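Peer 1: Got a predicted model here, sequence first, then my questions.
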Amino acid sequence: MKDLIQDILEHPFLSNEMTFRSSDVVITSRVRLARNLSDFPFPGRASSAQNRDVLSRCRDAVCDLRPMESGEFVPMEDLSDLERQVLVERHLISRELCESNGSAVMLSKDRSCAIMINEEDHFRMQVLLPGFSLKETWKTMSEIDTALERHLEFAFSLKLGYLTACPTNLGTGLRASMMLHLPGLVMSNLMDKVVRSVNQLGIAVRGLYGESSEASGSLFQISNQQTLGEEEGHIIERLSNVLKTVIEHETNARLKLVEGNKARIFDKIGRAFGILQNGHLLSSNEAMNSLSLVRLGLDLGLIPEEHRLMLDQLFIECQPAHIQLRAGAEISPDERDLLRATRVREAFQNLPKLGFDRFELSAL
């Protein structure tokens, strides 16, 4: 598995080879489906032998999928705890899969598709693409689901739809989400208001790694909560409309911040840029928050667009497991902070100076 992990570390989280690129506000779009085999108990209620049987049967099915051609099947037992955490930080597997009995993941060659086996459900399938691409993401996921259903019988009820281990996933089993960068709403102290508003529409707002995680670096995952009694296409359409509204609010918040006190916003961006370019000790939280401000600077035209992919990649590469694995040995938190700062300084060597001279700064 060392070759797989090394390959993941050497390739961007958001590949240039993908069709859609990330945008000012939207980082990624993701669609996830939960499915279970009809003739086996849910993984949490199954014996070890039953989970092994499920793994064997599902492996044959997923390896034959066209999107998984030249992909890799990865049993969790073949990975160290640190390697598993790297996959979590890459949004390729969930924390729950790391702790599951007889579990594995099938990864497509470009890492845009991941099929987890024996997580909370027998199948947790996801497609992850850059930018505002929910419809494209759902199309790919639907094709995978249809192909699997030709060979496997999923647990299904005419009344309840697809049966899942958690009742909140009953029906379609569909969770669609986008990862958004919302520094304007955060700095304007409007995020709580946005969260309350979208919650009333059946939409959830979570942190970088989903449920129970913090929104580090002004990054948020926004997803549907309702899976029962609504068709998949309607879920995607309704979520897309809500997200468009959130993006509009973020854009307006940024404009108001710049119009209200451009000098103060540029000062925050400049200080963050200086820390990342010259700092020698950098915690993961400080790295995330500083990268968020510099990414905002890119959105405002202070940094050329060509550097966006690098900045988005650093959000992932600065996570603790990525730093630990690059070290090649067990290191302390202080040593991680030192290595993280070194990695960021290297990345920032090729960045031009911030283009403040193109703007007329307002008075303080």
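Peer 2: That came through, no problem.

Peer 1: ranges for the helices of the stretch 251-364 of the chain?
Peer 2: 284-299, 308-317, 320-327, 333-348 (DSSP state H, counting those that start in this stretch).

Peer 1: How about the residue nearest the centre of the chain: what's its closest non-neighbour residue?
Peer 2: Among the residues of the chain, the one closest to the centroid is residue 91, at 4.8 Å (C-alpha atoms, centre = their mean). Excluding the flanking residues, the one nearest residue 91 by C-beta to C-beta, 6 or more residues apart in numbering is residue 128, at 6.3 Å. Just so you know, the C-beta spots here come from the backbone N, C-alpha and C atoms, and that holds for glycine as well.

Peer 1: Low-confidence regions, the stretch 151-300 of the chain specifically.
Peer 2: Flagging of the stretch 151-300 of the chain using pLDDT under 70 yields the residue ranges 209-214.

Peer 1: ok, now the stretch 1-150 of the chain?
Peer 2: Scanning the stretch 1-150 of the chain for pLDDT under 70 picks out the ranges 1-2, 5, 8-23.

Peer 1: What ranges does it have for its strands?
Peer 2: 26-35, 72-75, 104-107, 113-117, 123-130 (DSSP state E, counting those that start in this stretch).

Peer 1: looking at these, which is buried most?
Peer 2: Among those, strand 113-117 has the highest mean neighbour count (mean count of other C-beta atoms under 10 Å), at a mean of 27.

Peer 1: Give the pairing partners of that strand; include direction for each.
Peer 2: strand 104-107 (antiparallel), strand 123-130 (antiparallel) (DSSP bridges).

Peer 1: what's in contact with it?
Peer 2: Residues outside strand 113-117 that contact it (C-beta atoms under 8 Å, 6 or more residues apart in numbering) are 54-55, 58-59, 62, 65, 67-68, 71, 92-94, 97, 103-108, 123-128, 140, 144.

Peer 1: what's the distance between the residue nearest to residue 91 and residue 173?
Peer 2: 17 Å (C-beta to C-beta, to the nearest Å).

Peer 1: for residue 352, same thing?
Peer 2: From residue 352 across to residue 173, the span is 47 Å (C-beta to C-beta).

Peer 1: Tell me which of those two has more neighbours.
Peer 2: Ranked by neighbour count (other C-beta atoms under 10 Å), residue 352 and residue 173 place residue 173 first, with 25 against 9.

Peer 1: list the contacts for that one?
Peer 2: Contacts of residue 173 by C-beta under 8 Å, 6+ apart are 33, 34, 35, 121, 161, 162, 164, 227.

Peer 1: My guess is the fourth one contacts residue 165. True?
Peer 2: Yes: at 5.3 Å, residue 121 and residue 165 qualify as touching, with contact defined as C-beta atoms under 8 Å.

Peer 1: one step back: nearest to residue 182, of the helices of the stretch 251-364 of the chain?
Peer 2: Residue 182 sits nearest to helix 284-299 of all the helices of the stretch 251-364 of the chain, at 9.3 Å, using C-beta to C-beta.

Peer 1: show me where the stretch 1-150 of the chain has helices.
Peer 2: 2-10, 48-63, 81-89, 95-98, 134-149.

Peer 1: and residue 121 and residue 165? which has more neighbours close in?
Peer 2: residue 121 (26 against 17).

Peer 1: Spatially nearest residue to that one (excluding sequence neighbours)?
Peer 2: Nearest residue to residue 121 in three dimensions, chain neighbours excluded: residue 34, at 4.5 Å (C-beta to C-beta, 6+ apart).

Peer 1: I figured that neighbour hits residue 162, correct?
Peer 2: Yes: contact criterion C-beta under 8 Å: residue 34 and residue 162 qualify, at 7.1 Å.

Peer 1: sorry, back to before: tell me how far the residue nearest to the centre of the chain lies from residue 319.
Peer 2: Taking C-beta to C-beta, one finds residue 91 at 11 Å from residue 319.

Peer 1: next one: residue 98
Peer 2: 15 Å.

Peer 1: So if I had to pick from those two, which one is more boxed in?
Peer 2: Per other C-beta under 10 Å, whichever of residue 98 and residue 319 has more neighbours is residue 319, with 22 against 17.

Peer 1: need the contact list for the more buried one.
Peer 2: 89, 284.

Peer 1: Name the helix or strand for residue 221, please.
Peer 2: strand 219-224 (DSSP states H and E).

Peer 1: Pairing partners for that strand, with directions?
Peer 2: The pairing partners recorded for strand 219-224 under DSSP bridges are strand 174-181 (antiparallel), strand 203-206 (antiparallel).

Peer 1: okay, these, which one's buried deepest?
Peer 2: Using mean count of other C-beta under 10 Å, strand 174-181 ranks as the most buried of the strands paired with strand 219-224, with a mean of 25.

Peer 1: Check what contacts that strand and list those residues.
Peer 2: For strand 174-181, the external contacting residues (C-beta under 8 Å, 6+ apart) are 24-34, 132, 134, 137-138, 169, 208, 217-224, 227, 232, 235-236, 239, 243, 246-247, 250, 292, 295-296.

Peer 1: Now the buried members of those.
Peer 2: 24-34, 132, 134, 137-138, 169, 208, 217-224, 227, 232, 235-236, 239, 243, 246-247, 250, 292, 295-296 (16 or more other C-beta atoms under 10 Å).
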